[in-house]
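*Asks:* Sharing a model prediction with you, sequence too.
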Amino acid sequence: MKLIMRTEFDDLRLNPAHQYETDKNGDKQVVKIYRDNVLIAKKVTHKKSIRYFGVKNYRQYLINDEN
């Protein structure tokens, strides 16, 4: 996975074809985004640090298609 921009992560999260889940453990929170049960992006919040990650070809999932 590589770092991506926040707006790209938000576009992936708000896409109706994608599902997401949140996991929190102490100071660390992880939000994972899935498409067809395949992890495509995640957001890691640790204390005050926020990082957004996407798979190598995450840009193909930015298009809003539900096929």
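*Replies:* Yep, it's here. What you see is a predicted model; the values in this text were computed from it and never measured.
*Asks:* pretty sure Tyr20 is touching Val30, no?
*Replies:* No - with contact defined as Cβ atoms under 8 Å, Tyr20 does not reach Val30; the gap is 10.5 Å. Where C-beta positions appear, they are placed from N, C-alpha and C, glycine not excepted.
*Asks:* Next up, the contacts around Val30.
*Replies:* Listed by Cβ atoms under 8 Å, 6 or more residues apart in numbering, the contact set of Val30 reads Thr22, Asp23, Lys24, Lys42, Lys43, Val44, Thr45.
*Asks:* repeat that with 10 Å
*Replies:* Glu21, Thr22, Asp23, Lys24, Lys42, Lys43, Val44, Thr45, His46 (Cβ atoms under 10 Å, 6 or more residues apart in numbering).
*Asks:* Show me where the chain has its helices.
*Replies:* 6-14 (DSSP state H).
*Asks:* How much space separates the residue sitting furthest away from the middle of it from Arg6?
*Replies:* For the chain, the largest distance from the centre (Cα atoms, centre = their mean) belongs to Gly26, which lies 20.2 Å off. Gly26 sits 23 Å away from Arg6, going by Cβ to Cβ, to the nearest Å.
*Asks:* what do you get for Asn57?
*Replies:* For Asn57 relative to Arg6 (Cβ to Cβ), the value is 19 Å.
*Asks:* who has more neighbours, these two?
*Replies:* Taking other Cβ atoms under 10 Å, Asn57 and Arg6 do not tie; Arg6 has more neighbours (11 against 8).
*Asks:* Please name the nearest non-neighbouring residue to the more buried one.
*Replies:* Tyr52 (5.7 Å; Cβ to Cβ, 6 or more residues apart in numbering).
*Asks:* just checking, that neighbour touches Ile40?
*Replies:* No - using Cβ atoms under 10 Å, Tyr52 is not in contact with Ile40, being 11.9 Å away.
*Asks:* what sits in contact with each of those two?
*Replies:* Here Tyr52 and Ile40 share the contacting residues Met1, Leu12, scored by Cβ under 10 Å, 6+ apart.
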